[in-house]
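[1] Got a predicted model here, sequence first, then my questions.
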There are 2 protein chains.
Amino acid sequence: MTRVAGSHGPTTAATIRRVGLRLIHEHGFEAMSLRQLAAEVGLQPASLYNHFATKQDLLFNLIHDHMRTLLAQSDAALHAVVGPLHRLRAFVANHLLYHMEKKHEVFAANFELRSLEAKNHRVIIALRRDYEARLITLLDDGVAGGMLHLPDTHIAAYAILAMLTGACTWYKPEGRLSKHDVVAMHTALVLHGCLASEHQPSAHHAQHRGQDRPQHRLGHA
Amino acid sequence: MTRVAGSHGPTTAATIRRVGLRLIHEHGFEAMSLRQLAAEVGLQPASLYNHFATKQDLLFNLIHDHMRTLLAQSDAALHAVVGPLHRLRAFVANHLLYHMEKKHEVFAANFELRSLEAKNHRVIIALRRDYEARLITLLDDGVAGGMLHLPDTHIAAYAILAMLTGACTWYKPEGRLSKHDVVAMHTALVLHGCLASEHQPSAHHAQHRGQDRPQHRLGHA
DNA sequence: TTTGTATACGATCATACGTTAGTTTCTTAT
DNA sequence: ATAAGAAACTAACGTATGATCGTATACAAA
């Protein structure tokens, strides 16, 4: 035994991360045992320590990478989109699309912060604030420009994020709705709410499928 | 030793439940150890078994009681409120007020369903569907009556619930906002969204504090 | 004041935990 | 061809886990 044929560091590391995220989602981080993780990856427990220093390090790296990716992708999605309404639509679409594809990462990043040591916790909270700040700024601009009406943009941002992130807990790729449908409906809810009004657009008829990217330039400010 | 002076079953049971909910919130159910629970309650580990049969039973009872209370309180809040818009406002207010006061129960009921055995899981899911159905029916009535405009009331219900439940994760009683403020802002978001429009009410100026009950009869259908 | 039950105790079971140490072998770059 | 380092192994550490005994005593009802 000892080292096994065909073993390759980066490949093993990626498997550990993938399986680890799934086990965190299934059991919670504290209850995820390294023995089970090792077994599902196909290693002896001790061999995991070739890839991370401690269980805490594994959690931090998983969440840290997730947050940095989310921030980078959000910036990319908002890049070159001008106008608060267009930017808000782009933010909503990007957040939903990203979250619907990374359910396990999202779960860890939202519900396992409690298991981070103080120093690691501060790092992640700072990144999260960065992300929230992008949305708050965007809402502030909209209010300042008169397109949006919000008594408190911080609260509105939390409410919007909670609504959008919640979608990734029930969304099933094989379900009735396409990702585009989900994006369209949530965009409409964020902008107009539930109330009927003659100012509402007819963009709600989301029967067509398969188009994942929203059309950012169809705003109606 | 043996039985301790002043011991009283119902009192001990209530303490176990309170501390248990807190530990579940802090560590997750699987990672919560009965030894720590016993220590914080002031018992030997074995004595816990005078109050529940297994760790699984404890979790189920906690979540079950929470769901039944939520349903009962929701029914009470909606009782005698007529009209989809008034009922929607009452639902939103009740959900928020209840959730802001029972953070630990809400956490367990939302994120520890994964730890329920199949049979127990089915019971809770059924109760949860009952609760969701109340909101969905309410939205359907609003759409049928022309007061609400929603392409899919199921999705809208999930989105609304996610937004409202999310509020209880960041709400701090000692914070800047009163519960009434939170209710008012979320009601406005649910009904109107973020977009500015001349049809919006001026009920957003929520500087006053201390009034926890919303005024259900101020709807403007 | 007696009696039955509720509620606690201490001891213990078999199993599982995260982590470390030391060793071996596969892979890669010279 | 070979040396260096990456990546796996076996074995073991001290501790913690949920649960089950049998036993003792405080409490509530008679």
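    In hand now; what should we look at? Numbering: from 1, shown residues only, chains lettered A, B, ... in the order given.

[2] Is chain B within reach of the host helix or strand of A:H186?
    Here A:H186, judged by DSSP states H and E, is contained in helix A:179-192. Yes. With CB under 8 Å from any CB of the partner chain as the criterion, chain B is reached by helix A:179-192 at A:V182, A:M185, A:H186, A:A188, A:L189, A:V190, A:L191, A:H192. In short, each C-beta sits where N, CA and C put it, glycine included.

[3] How about stretch A:94-113?
    Yes. With CB under 8 Å from any CB as the criterion, chain B is reached by stretch A:94-113 at A:F111.

[4] Give me the contacts around that stretch.
    Residues outside stretch A:94-113 that contact it (CB atoms under 8 Å, 6 or more residues apart in numbering or on different chains) are A:21-22, A:24-25, A:28-29, A:59, A:62-63, A:66-67, A:70, A:73-74, A:77-78, A:121, A:124-125, A:161, A:164-165, A:167-169, A:171, A:173, A:179, A:182-183, A:186, A:212, B:111.

[5] Which among the residues you listed count as buried?
    For those, a burial check counting by 16 or more other CB atoms under 10 Å in any protein chain shown picks out A:21-22, A:24-25, A:28-29, A:59, A:62-63, A:66-67, A:70, A:74, A:77-78, A:124, A:161, A:164-165, A:167-168, A:171, A:179, A:182-183, A:186, B:111.

[6] out of the residues you listed, which are inside helices?
    If you go by DSSP state H, the buried ones among the contacts of stretch A:94-113 have A:21-22, A:24-25, A:59, A:62-63, A:66-67, A:70, A:74, A:77-78, A:124, A:161, A:164-165, A:167-168, A:179, A:182-183, A:186, B:111 in helices.

[7] helices or strands up against the worst-scoring helix or strand of chain A on mean pLDDT?
    Lowest on mean pLDDT, DSSP states H and E among the helices and strands of chain A sits helix A:9-27, with a mean of 93. If contacts are counted by 3 or more CB pairs under 8 Å, 6 or more residues apart in numbering or on different chains; DSSP states H and E, helix A:9-27 sits against helix A:34-41, helix A:55-78, helix A:103-111.

[8] Make JSON lines out of these and add mean pLDDT and distance to A:A133.
    What follows is the helices and strands packed on helix A:9-27, written out as JSON lines (pLDDT from 0 to 100; distance: least, CB to CB, whole Å):
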{"stretch": "helix A:34-41", "mean pLDDT": "96", "distance to A:A133": "35"}
{"stretch": "helix A:55-78", "mean pLDDT": "97", "distance to A:A133": "10"}
{"stretch": "helix A:103-111", "mean pLDDT": "96", "distance to A:A133": "17"}
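
[9] quick one: which of the ones you listed is nearest B:V41?
    Comparing the helices and strands packed on helix A:9-27 against B:V41 with CB to CB, the closest turns out to be helix A:103-111 (25.3 Å).

[10] The closest one vs helix A:55-78, what angle?
    For helix A:103-111 against helix A:55-78, the angle by axes from the mean of the first three to the mean of the last three CA atoms, to 10 degrees is 110 degrees.

[11] Restrict helix A:103-111 to CA atoms and write it as CSV.
    The C-alpha trace of helix A:103-111 is given here as CSV (Å, rounded to 0.1, in the frame of the first residue of the first chain):
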residue,chain,number,x,y,z
LYS,A,103,-26.0,25.5,-3.5
HIS,A,104,-23.4,23.8,-1.3
GLU,A,105,-21.0,26.7,-1.3
VAL,A,106,-23.8,29.0,-0.5
PHE,A,107,-25.0,26.9,2.4
ALA,A,108,-21.5,26.8,3.9
ALA,A,109,-21.0,30.5,3.5
ASN,A,110,-24.3,31.4,5.0
PHE,A,111,-24.8,28.9,7.8
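
[12] one step back: could you list every helix and strand in contact with the helix holding A:H186?
    Using 3+ CB pairs under 8 Å, 6+ apart: helix A:179-192 touches helix A:84-101, helix A:153-170, helix B:153-170.

[13] Out of the ones you listed, the one nearest DNA strand D is which?
    helix B:153-170 (25.0 Å; CB to the nearest atom of the strand).

[14] how does chain A divide up, domain by domain?
    A:9-52, A:54-194+A:208-212 (automatic domain parsing).

[15] of the ones you listed, which approaches DNA strand D most closely?
    domain A:9-52 (1.4 Å).

[16] How about the closest one and DNA strand C, touching?
    Yes. Contact between domain A:9-52 and DNA strand C, assessed by CB under 7 Å from any atom of the strand, occurs at A:M32, A:S33, A:L34, A:R35, A:Q36, A:P45, A:A46, A:L48, A:Y49.

[17] any idea how far A:E30 is from the nearest residue to A:E117 once chain neighbours are set aside?
    Distance criterion CB to CB, 6 or more residues apart in numbering or on different chains; nearest residue to A:E117, sequence neighbours excluded, is A:Q56 at 5.9 Å. Using CB to CB, to the nearest Å, one obtains 11 Å as the distance from A:Q56 to A:E30.
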